[in-house]
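>>> quick one, structure for this:
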Amino acid sequence: MLEQQPRARWYAEKLAVAVEPLVDAGLTLRVIDCVRDPRDIVVSIRAFVAATGFDGFGQRPGDTDEEHLERFIGAVGDRLDEMAATPSAVDRITLRYEDFARDRAACARQLGAWLGVAFDPTAVDETSDQMRRHRTAPSVDASINRWTDELSPGEADRIWDALGDRLEVYGYTARPG
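Modelled structure (predicted):
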């Protein structure tokens, strides 16, 4: 990276893996844990697939929603366990989708202060074609806790029963309120 960008201060990589091998390799890390209520993720995935026909979210041909949900719960559980297992010596911060979506400027300030850089929260153009293609709710507020209206109670309970203890540390609850 430094050969290509000698003035770079940071190199960012999106990973959904355990950090121990990177630490063991001697890399200095700063980890940004990004989380979102998985019940809303399921609703968003289903809406995206219905609107676009594209499924890059792990549903296999012939899978029922139940089979896909079971694998999804397992994958989210694995990610939450990996996040929890991050060695305490690794500098890390958590950004919740709900906080970022509602107050991008505050999250930009928080993240920028942590990294020692300034971010322009207006640089993300919500009206861009790319953003429109990925949006599955009519507004940011409508994208948060939409699971309460769009997910069956049985599915919501199943996700919470499997992951709730790991989600509570991020401020999520069994029922919004």
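
>>> going forward, measure contacts and count neighbours with C-alpha atoms only.
OK.

>>> contacts only, for the residue nearest to the spatial centre of the chain.
Most central in the chain under Cα atoms, centre = their mean is Val35, positioned 3.9 Å from the mean C-alpha point. Contact analysis of Val35 by Cα atoms under 8 Å, 6 or more residues apart in numbering lists Thr94, Leu95, Arg96, Tyr97, Tyr170.

>>> wait, doesn't the third one sit right on Arg36?
Translated: Arg96. Yes. Applying Cα atoms under 8 Å, one finds Arg96 in contact with Arg36, separated by 5.8 Å.

>>> drop anything exposed from the contacts of Val35.
Using 16 or more other Cα atoms under 10 Å as the burial test, the contacts of Val35 include Leu95, Tyr97 as buried.

>>> compute the first-to-last residue distance for stretch 81-96.
When the termini of stretch 81-96 are compared using Cα to Cα, to the nearest Å, they are 17 Å apart.

>>> same thing with stretch 76-91?
Taking Cα to Cα, the first and last residues of stretch 76-91 lie 22 Å apart.

>>> can you point out the buried residues in that stretch?
Counting neighbours by 16+ other Cα under 10 Å, one finds that the buried residues in stretch 76-91 are Val76, Gly77, Arg79, Leu80, Glu82, Met83, Thr86.

>>> distance of Glu20 from Asn145?
Where Asn145 is concerned, Glu20 sits at a distance of 33 Å (Cα to Cα).

>>> please identify which of those two sits among more neighbours.
Higher neighbour count among Glu20 and Asn145: Asn145, with 17 against 14, using other Cα atoms under 10 Å.

>>> sec struct for that one, please.
The assignment at Asn145 comes out as coil when based on DSSP: H, G, I helix; E, B strand; the rest coil.

>>> what sits against the closest residue to it other than its chain neighbours?
Nearest-residue entry for Asn145: Asp40, 6.3 Å, with adjacent residues in sequence omitted and distances by Cα to Cα, 6 or more residues apart in numbering. With contact set as Cα under 8 Å, 6+ apart, Asp40 has these partners: Ser143, Ile144, Asn145, Arg146, Trp147.
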